[in-house]
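Chemist: I'll drop the sequence and a predicted model, then ask my questions.
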Amino acid sequence: MTDRLTIRRPDDWHVHLRDGAMLTHVAPYTARQFARAIVMPNLSPPVTSVAEGIAYRERIVAAVPAELDFTPLIVAYLTDHSDADELARGHREGVFTAAKLYPAHATTGSAHGVTDVANIMGVLERMADIGMPLLIHGEVTDTHVDIFDREAVFIERTLAPLVARLPELKIVFEHITTAEAAQFVADAPATVAATITPQHLHINRNAMLVGGIRPHAYCLPVAKREEHRLAVRAAATSGSPKYFLGTDSAPHAVHTKEASCGCAGIFNAPYALESYVAAFDADGALDKFEGFASEHGPRFYGLPLNEGTITLERGETQVPDRIGEVVPFHAGETLGWKLVI
Ligand SMILES: NC(=O)N[C@@H](CC(=O)O)C(=O)O
Ligand SMILES: [Zn+2]
Ligand SMILES: [Zn+2]
(Lines give C-alpha, C1' and ligand atoms only; values in the text may rest on other atoms or scores of the structure.)
(Ligands and ions follow the chains in the order given, each with its own letter.)
Protein backbone atom coordinates (compact mmCIF):
# COMPACT_ATOMS: atom_id res chain seq x y z
CA MET A 1 0.00 0.00 0.00
CA THR A 2 1.32 3.45 -0.92
CA ASP A 3 1.21 5.78 2.09
CA ARG A 4 3.07 8.67 0.59
CA LEU A 5 2.76 10.12 -2.87
CA THR A 6 5.15 12.73 -4.23
CA ILE A 7 4.16 14.33 -7.52
CA ARG A 8 5.20 17.26 -9.67
CA ARG A 9 3.42 20.45 -8.51
CA PRO A 10 -0.16 20.43 -9.80
CA ASP A 11 -2.30 23.15 -11.37
CA ASP A 12 -6.02 23.90 -11.23
CA TRP A 13 -7.36 24.34 -14.76
CA HIS A 14 -10.74 25.78 -13.65
CA VAL A 15 -11.38 27.94 -10.58
CA HIS A 16 -13.55 30.86 -9.51
CA LEU A 17 -11.57 33.25 -7.32
CA ARG A 18 -14.23 36.02 -7.42
CA ASP A 19 -13.31 39.60 -6.51
CA GLY A 20 -13.17 41.97 -3.54
CA ALA A 21 -13.46 40.46 -0.06
CA MET A 22 -14.28 36.98 -1.38
CA LEU A 23 -11.13 37.02 -3.56
CA THR A 24 -9.03 37.92 -0.52
CA HIS A 25 -10.69 35.14 1.46
CA VAL A 26 -10.43 32.29 -1.07
CA ALA A 27 -7.35 32.94 -3.26
CA PRO A 28 -4.83 31.77 -0.61
CA TYR A 29 -6.48 28.32 -0.48
CA THR A 30 -5.96 27.78 -4.19
CA ALA A 31 -2.45 29.23 -4.06
CA ARG A 32 -1.48 26.80 -1.26
CA GLN A 33 -2.50 23.78 -3.32
CA PHE A 34 -1.64 24.75 -6.87
CA ALA A 35 1.21 26.39 -8.81
CA ARG A 36 -1.08 27.90 -11.44
CA ALA A 37 -4.80 28.23 -11.97
CA ILE A 38 -7.07 29.08 -14.85
CA VAL A 39 -9.22 31.77 -13.24
CA MET A 40 -12.73 32.03 -14.60
CA PRO A 41 -13.89 35.46 -15.80
CA ASN A 42 -17.56 35.39 -14.70
CA LEU A 43 -17.28 38.46 -12.50
CA SER A 44 -19.82 41.23 -12.65
CA PRO A 45 -19.03 42.89 -14.94
CA PRO A 46 -17.21 40.01 -16.67
CA VAL A 47 -13.56 40.16 -17.76
CA THR A 48 -13.81 41.00 -21.47
CA SER A 49 -11.05 43.49 -22.36
CA VAL A 50 -7.29 43.15 -22.12
CA ALA A 51 -7.20 46.05 -19.64
CA GLU A 52 -9.73 44.30 -17.39
CA GLY A 53 -7.71 41.09 -17.60
CA ILE A 54 -4.52 42.87 -16.51
CA ALA A 55 -6.32 44.63 -13.66
CA TYR A 56 -7.93 41.39 -12.45
CA ARG A 57 -4.60 39.58 -12.53
CA GLU A 58 -3.10 42.34 -10.37
CA ARG A 59 -5.94 42.04 -7.85
CA ILE A 60 -5.42 38.27 -7.65
CA VAL A 61 -1.67 38.58 -7.15
CA ALA A 62 -2.31 41.16 -4.40
CA ALA A 63 -4.69 38.73 -2.66
CA VAL A 64 -2.13 35.90 -2.48
CA PRO A 65 0.46 35.87 0.33
CA ALA A 66 3.86 36.82 -1.11
CA GLU A 67 5.56 33.62 0.11
CA LEU A 68 3.32 31.45 -2.07
CA ASP A 69 4.59 30.87 -5.60
CA PHE A 70 1.35 31.11 -7.55
CA THR A 71 0.54 32.25 -11.08
CA PRO A 72 -3.03 33.12 -12.05
CA LEU A 73 -3.87 32.49 -15.72
CA ILE A 74 -6.51 34.89 -16.97
CA VAL A 75 -9.39 34.05 -19.28
CA ALA A 76 -11.47 36.30 -21.53
CA TYR A 77 -15.26 36.06 -21.22
CA LEU A 78 -16.89 35.71 -24.62
CA THR A 79 -20.03 37.67 -25.46
CA ASP A 80 -22.03 38.04 -28.66
CA HIS A 81 -19.95 41.17 -29.30
CA SER A 82 -16.45 39.83 -28.61
CA ASP A 83 -13.77 41.30 -30.81
CA ALA A 84 -11.28 38.86 -32.37
CA ASP A 85 -8.52 41.50 -32.50
CA GLU A 86 -8.85 42.32 -28.78
CA LEU A 87 -8.73 38.64 -27.83
CA ALA A 88 -5.80 37.91 -30.12
CA ARG A 89 -3.91 40.89 -28.70
CA GLY A 90 -4.61 39.68 -25.15
CA HIS A 91 -3.33 36.24 -26.06
CA ARG A 92 -0.23 37.59 -27.82
CA GLU A 93 0.60 39.86 -24.88
CA GLY A 94 0.35 36.98 -22.38
CA VAL A 95 -2.77 38.30 -20.65
CA PHE A 96 -5.45 35.89 -21.90
CA THR A 97 -4.42 32.25 -21.72
CA ALA A 98 -7.80 31.17 -23.10
CA ALA A 99 -11.36 32.38 -23.72
CA LYS A 100 -14.52 31.09 -22.08
CA LEU A 101 -17.85 30.34 -23.70
CA TYR A 102 -20.81 30.57 -21.35
CA PRO A 103 -24.08 29.93 -23.11
CA ALA A 104 -26.20 32.92 -21.99
CA HIS A 105 -28.02 32.12 -18.71
CA ALA A 106 -26.53 28.63 -18.35
CA THR A 107 -24.93 29.22 -14.94
CA THR A 108 -23.75 31.75 -12.34
CA GLY A 109 -22.53 34.96 -13.98
CA SER A 110 -23.49 33.98 -17.53
CA ALA A 111 -26.06 36.70 -18.26
CA HIS A 112 -23.64 38.35 -20.70
CA GLY A 113 -22.78 35.02 -22.33
CA VAL A 114 -23.20 33.94 -25.91
CA THR A 115 -26.75 33.51 -27.23
CA ASP A 116 -25.69 31.50 -30.32
CA VAL A 117 -22.25 30.14 -31.21
CA ALA A 118 -22.85 31.37 -34.76
CA ASN A 119 -22.46 34.92 -33.39
CA ILE A 120 -18.82 34.28 -32.43
CA MET A 121 -17.71 32.03 -35.29
CA GLY A 122 -15.24 34.65 -36.55
CA VAL A 123 -13.70 34.88 -33.08
CA LEU A 124 -13.44 31.09 -32.82
CA GLU A 125 -11.78 30.87 -36.24
CA ARG A 126 -9.19 33.39 -35.10
CA MET A 127 -8.63 31.45 -31.87
CA ALA A 128 -8.05 28.29 -33.88
CA ASP A 129 -5.52 30.16 -36.07
CA ILE A 130 -3.51 31.44 -33.11
CA GLY A 131 -3.79 28.29 -30.94
CA MET A 132 -5.83 29.97 -28.19
CA PRO A 133 -7.92 27.42 -26.25
CA LEU A 134 -11.69 27.73 -26.00
CA LEU A 135 -13.12 26.72 -22.61
CA ILE A 136 -16.79 25.74 -22.61
CA HIS A 137 -19.53 25.49 -20.01
CA GLY A 138 -21.33 22.79 -21.94
CA GLU A 139 -25.03 22.97 -21.20
CA VAL A 140 -27.94 24.04 -23.37
CA THR A 141 -30.31 26.59 -21.87
CA ASP A 142 -33.40 25.56 -23.83
CA THR A 143 -36.18 25.53 -21.23
CA HIS A 144 -37.67 22.43 -22.83
CA VAL A 145 -34.59 20.38 -21.99
CA ASP A 146 -34.50 18.69 -18.59
CA ILE A 147 -31.71 20.03 -16.38
CA PHE A 148 -30.20 16.55 -16.07
CA ASP A 149 -29.99 16.24 -19.88
CA ARG A 150 -28.55 19.66 -20.65
CA GLU A 151 -24.95 18.53 -20.97
CA ALA A 152 -25.70 15.57 -23.25
CA VAL A 153 -27.96 17.71 -25.45
CA PHE A 154 -25.24 20.39 -25.67
CA ILE A 155 -22.90 17.80 -27.17
CA GLU A 156 -25.38 16.94 -29.92
CA ARG A 157 -26.57 20.45 -30.70
CA THR A 158 -23.47 22.57 -30.21
CA LEU A 159 -20.23 20.81 -29.39
CA ALA A 160 -20.17 18.04 -32.00
CA PRO A 161 -20.99 20.47 -34.84
CA LEU A 162 -18.35 22.92 -33.55
CA VAL A 163 -15.63 20.26 -33.40
CA ALA A 164 -16.59 19.11 -36.90
CA ARG A 165 -16.40 22.66 -38.20
CA LEU A 166 -13.17 23.70 -36.44
CA PRO A 167 -11.26 20.48 -35.66
CA GLU A 168 -8.03 22.42 -35.15
CA LEU A 169 -9.53 24.61 -32.37
CA LYS A 170 -8.35 23.51 -28.90
CA ILE A 171 -11.44 22.99 -26.76
CA VAL A 172 -11.70 22.21 -23.06
CA PHE A 173 -15.11 20.79 -22.21
CA GLU A 174 -15.25 22.06 -18.63
CA HIS A 175 -16.45 20.15 -15.57
CA ILE A 176 -17.90 17.12 -17.36
CA THR A 177 -20.59 15.21 -15.48
CA THR A 178 -21.95 12.54 -17.82
CA ALA A 179 -21.00 9.29 -19.51
CA GLU A 180 -21.89 10.98 -22.82
CA ALA A 181 -19.36 13.76 -22.21
CA ALA A 182 -16.59 11.37 -21.18
CA GLN A 183 -17.23 9.27 -24.30
CA PHE A 184 -17.45 12.28 -26.60
CA VAL A 185 -14.07 13.53 -25.42
CA ALA A 186 -12.52 10.07 -25.75
CA ASP A 187 -13.70 9.81 -29.37
CA ALA A 188 -12.93 13.41 -30.37
CA PRO A 189 -9.69 14.61 -32.00
CA ALA A 190 -6.68 15.30 -29.75
CA THR A 191 -7.69 18.99 -29.77
CA VAL A 192 -10.58 18.21 -27.39
CA ALA A 193 -10.02 17.66 -23.65
CA ALA A 194 -12.05 17.93 -20.44
CA THR A 195 -11.67 19.05 -16.86
CA ILE A 196 -13.14 17.03 -14.00
CA THR A 197 -14.08 18.37 -10.55
CA PRO A 198 -13.66 16.55 -7.22
CA GLN A 199 -17.39 16.68 -6.50
CA HIS A 200 -18.27 14.88 -9.71
CA LEU A 201 -15.89 12.07 -8.69
CA HIS A 202 -17.52 11.74 -5.27
CA ILE A 203 -21.21 12.52 -5.44
CA ASN A 204 -24.23 11.66 -7.51
CA ARG A 205 -27.55 13.46 -7.40
CA ASN A 206 -28.67 11.60 -4.28
CA ALA A 207 -26.16 13.67 -2.29
CA MET A 208 -28.24 16.70 -3.16
CA LEU A 209 -31.74 15.33 -2.77
CA VAL A 210 -31.96 12.37 -0.36
CA GLY A 211 -32.96 12.98 3.25
CA GLY A 212 -33.54 16.68 2.66
CA ILE A 213 -32.38 19.22 0.10
CA ARG A 214 -28.67 19.94 0.44
CA PRO A 215 -27.71 23.20 -1.19
CA HIS A 216 -23.98 22.73 -0.60
CA ALA A 217 -24.01 19.75 -2.98
CA TYR A 218 -25.61 21.87 -5.71
CA CYS A 219 -23.47 23.08 -8.55
CA LEU A 220 -23.77 23.31 -12.32
CA PRO A 221 -23.67 21.14 -14.23
CA VAL A 222 -25.72 19.40 -11.59
CA ALA A 223 -24.50 16.00 -10.31
CA LYS A 224 -26.14 13.17 -12.26
CA ARG A 225 -27.03 9.51 -11.70
CA GLU A 226 -24.51 7.07 -10.25
CA GLU A 227 -23.74 5.51 -13.65
CA HIS A 228 -22.52 8.93 -14.82
CA ARG A 229 -20.37 9.46 -11.75
CA LEU A 230 -18.73 6.11 -12.42
CA ALA A 231 -18.09 6.97 -16.07
CA VAL A 232 -16.55 10.33 -15.17
CA ARG A 233 -14.43 8.68 -12.51
CA ALA A 234 -13.23 6.02 -14.94
CA ALA A 235 -12.23 8.79 -17.36
CA ALA A 236 -10.31 10.72 -14.68
CA THR A 237 -8.39 7.67 -13.49
CA SER A 238 -7.83 6.19 -16.95
CA GLY A 239 -4.50 7.87 -17.55
CA SER A 240 -5.77 9.40 -20.79
CA PRO A 241 -4.13 12.78 -21.46
CA LYS A 242 -7.53 14.20 -22.43
CA TYR A 243 -8.75 14.53 -18.84
CA PHE A 244 -7.24 16.82 -16.25
CA LEU A 245 -7.81 18.52 -12.95
CA GLY A 246 -10.14 21.52 -12.79
CA THR A 247 -11.78 22.02 -9.41
CA ASP A 248 -14.51 24.46 -10.43
CA SER A 249 -14.20 25.71 -6.86
CA ALA A 250 -17.07 28.22 -6.80
CA PRO A 251 -17.54 29.93 -3.43
CA HIS A 252 -20.84 31.54 -2.48
CA ALA A 253 -21.60 33.01 0.95
CA VAL A 254 -23.64 30.60 3.03
CA HIS A 255 -26.80 32.75 3.09
CA THR A 256 -26.91 32.80 -0.73
CA LYS A 257 -26.84 28.99 -0.88
CA GLU A 258 -29.17 28.29 2.04
CA ALA A 259 -31.98 30.27 0.43
CA SER A 260 -35.27 29.73 -1.38
CA CYS A 261 -33.33 30.15 -4.64
CA GLY A 262 -29.82 29.04 -3.78
CA CYS A 263 -26.73 29.77 -5.88
CA ALA A 264 -24.97 27.03 -7.87
CA GLY A 265 -21.39 26.31 -6.91
CA ILE A 266 -19.28 24.19 -4.54
CA PHE A 267 -16.27 25.61 -2.69
CA ASN A 268 -13.69 22.81 -2.82
CA ALA A 269 -10.38 24.73 -3.00
CA PRO A 270 -9.12 24.21 0.58
CA TYR A 271 -8.91 20.38 0.34
CA ALA A 272 -9.08 19.80 -3.39
CA LEU A 273 -5.99 17.61 -3.67
CA GLU A 274 -6.95 15.54 -0.61
CA SER A 275 -10.38 15.02 -2.17
CA TYR A 276 -9.10 14.02 -5.61
CA VAL A 277 -6.39 11.71 -4.32
CA ALA A 278 -8.91 9.87 -2.11
CA ALA A 279 -10.89 8.99 -5.25
CA PHE A 280 -7.81 7.85 -7.18
CA ASP A 281 -6.71 5.80 -4.17
CA ALA A 282 -10.10 4.12 -3.79
CA ASP A 283 -9.92 3.10 -7.45
CA GLY A 284 -6.36 1.76 -7.20
CA ALA A 285 -5.18 4.49 -9.55
CA LEU A 286 -2.64 6.45 -7.50
CA ASP A 287 -0.14 5.89 -10.31
CA LYS A 288 -2.44 7.92 -12.60
CA PHE A 289 -2.76 10.90 -10.28
CA GLU A 290 0.33 12.84 -11.33
CA GLY A 291 -0.70 12.79 -14.98
CA PHE A 292 -4.19 14.03 -14.16
CA ALA A 293 -3.09 16.70 -11.67
CA SER A 294 0.21 17.94 -13.07
CA GLU A 295 0.94 16.85 -16.65
CA HIS A 296 -2.09 16.51 -18.91
CA GLY A 297 -3.28 20.10 -18.37
CA PRO A 298 -0.06 21.94 -19.21
CA ARG A 299 0.62 19.64 -22.16
CA PHE A 300 -2.83 20.37 -23.59
CA TYR A 301 -2.44 24.12 -23.07
CA GLY A 302 1.11 24.03 -24.47
CA LEU A 303 2.60 25.39 -21.24
CA PRO A 304 5.70 24.14 -19.40
CA LEU A 305 5.30 21.55 -16.65
CA ASN A 306 5.92 22.92 -13.14
CA GLU A 307 9.22 22.42 -11.38
CA GLY A 308 9.18 21.16 -7.80
CA THR A 309 6.96 18.63 -6.07
CA ILE A 310 4.27 18.27 -3.45
CA THR A 311 3.68 15.30 -1.17
CA LEU A 312 0.42 13.76 -0.05
CA GLU A 313 0.39 11.34 2.86
CA ARG A 314 -2.17 8.93 4.16
CA GLY A 315 -3.59 10.48 7.35
CA GLU A 316 -6.63 12.31 8.65
CA THR A 317 -7.73 15.67 7.33
CA GLN A 318 -10.74 17.07 9.20
CA VAL A 319 -12.76 19.35 6.98
CA PRO A 320 -14.37 22.17 8.99
CA ASP A 321 -18.09 22.99 8.80
CA ARG A 322 -17.40 26.53 7.72
CA ILE A 323 -14.49 28.53 6.36
CA GLY A 324 -15.44 32.14 6.97
CA GLU A 325 -18.79 32.70 5.30
CA VAL A 326 -18.42 29.68 3.01
CA VAL A 327 -19.25 26.00 3.55
CA PRO A 328 -16.54 23.83 1.98
CA PHE A 329 -17.03 20.60 0.04
CA HIS A 330 -16.80 17.60 2.44
CA ALA A 331 -17.79 19.88 5.37
CA GLY A 332 -17.65 17.91 8.62
CA GLU A 333 -16.05 14.85 6.96
CA THR A 334 -12.62 13.34 7.54
CA LEU A 335 -10.54 12.70 4.43
CA GLY A 336 -7.95 9.93 4.40
CA TRP A 337 -5.09 11.95 2.91
CA LYS A 338 -3.25 15.12 3.80
CA LEU A 339 -1.12 17.55 1.90
CA VAL A 340 2.26 17.90 3.59
CA ILE A 341 3.99 19.98 0.81
N1 LIG B 1 -20.15 25.60 -11.17
C2 LIG B 1 -21.07 26.32 -10.58
O3 LIG B 1 -22.06 25.77 -10.08
N4 LIG B 1 -20.97 27.66 -10.48
C5 LIG B 1 -19.96 28.49 -11.05
C6 LIG B 1 -20.16 28.73 -12.50
C7 LIG B 1 -19.82 27.56 -13.38
O8 LIG B 1 -18.68 27.08 -13.39
O9 LIG B 1 -20.70 27.07 -14.10
C10 LIG B 1 -19.95 29.81 -10.28
O11 LIG B 1 -19.32 30.77 -10.75
O12 LIG B 1 -20.52 29.89 -9.18
ZN1 LIG C 1 -19.49 26.22 -15.60
ZN1 LIG D 1 -16.84 27.02 -13.07
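Modeler: Structure received. Ligands and ions are numbered 1, 2, ... in the order given.

Chemist: Which parts of the stretch 51-200 of the chain are helices?
Modeler: 84-92, 121-130, 150-154, 160-165, 179-187, 199-202 (DSSP state H, counting those that start in this stretch).

Chemist: Which strands or helices does the first one pack on?
Modeler: What it means is helix 84-92. Under the contact definition 3 or more C-beta pairs under 8 Å, 6 or more residues apart in numbering; DSSP states H and E, helix 84-92 sits against helix 50-63, strand 96-101, helix 121-130. Where C-beta positions appear, they are placed from N, C-alpha and C, glycine not excepted.

Chemist: rewinding a little: tell me which of the helices of the stretch 51-200 of the chain lies nearest to residue 326.
Modeler: Closest approach to residue 326 among these (C-beta to C-beta): helix 199-202, 14.6 Å.

Chemist: going on from that closest one, what's the next piece of helix or strand?
Modeler: Next helix or strand after helix 199-202 toward the C-terminus (DSSP states H and E): helix 206-209.

Chemist: could you give the angle of the helix or strand following that following helix to helix 179-187?
Modeler: Remark: after helix 206-209, the chain's next helix or strand is helix 226-236, criterion DSSP H and E. Interaxial angle, helix 226-236 versus helix 179-187 (axes from the mean of the first three to the mean of the last three C-alpha atoms, to 10 degrees): 20 degrees.

Chemist: can you list contacts of helix 226-236?
Modeler: The contact list for helix 226-236 (C-beta atoms under 8 Å, 6 or more residues apart in numbering) reads 176-179, 181-183, 185-186, 194, 196, 200-204, 206, 223, 242-243, 279-280, 283, 292.

Chemist: So is stretch 40-57 next to ligand 1?
Modeler: Yes: in terms of C-beta under 6 Å from any ligand atom, part of stretch 40-57 sits within range of ligand 1, namely residue 42.

Chemist: what mean pLDDT does that stretch have?
Modeler: Here stretch 40-57 scores 98 as its mean pLDDT.

Chemist: Quick one: name the residues of the stretch 101-250 of the chain near ligand 2.
Modeler: Residues of the stretch 101-250 of the chain found near ligand 2 (C-beta under 5 Å from the ion) are 107, 137.

Chemist: And the residue of the stretch 101-250 of the chain found nearest ligand 2, how far from ligand 1?
Modeler: Taking C-beta to the ion, ligand 2 has its nearest neighbour within the stretch 101-250 of the chain at residue 137, 3.6 Å off. In this structure, residue 137 and ligand 1 are 5 Å apart, going by C-beta to the nearest ligand atom, to the nearest Å.

Chemist: next one: residue 286
Modeler: 27 Å.

Chemist: if we can go back for a sec, most packed of the helices and strands packed on helix 84-92?
Modeler: Across those, averaging neighbours per residue (mean count of other C-beta atoms under 10 Å) puts strand 96-101 on top, at a mean of 24.

Chemist: just how off-centre is it within its chain?
Modeler: A distance of 13 Å separates the centroid of the chain from that of strand 96-101, by C-alpha atoms, centre = their mean, to the nearest Å.

Chemist: so does that strand get close to ligand 1?
Modeler: No: for strand 96-101, no contact with ligand 1 is found by C-beta under 6 Å from any ligand atom; the gap never falls below 9.3 Å.

Chemist: Quick one, which of the helices of the stretch 51-200 of the chain gets closest to ligand 1.
Modeler: Among the helices of the stretch 51-200 of the chain, helix 199-202 comes nearest to ligand 1, with 9.2 Å by C-beta to the nearest ligand atom.

Chemist: Are that closest one and ligand 1 in contact anywhere?
Modeler: No: counting by C-beta under 6 Å from any ligand atom, ligand 1 has no neighbours in helix 199-202; the shortest distance is 9.2 Å.
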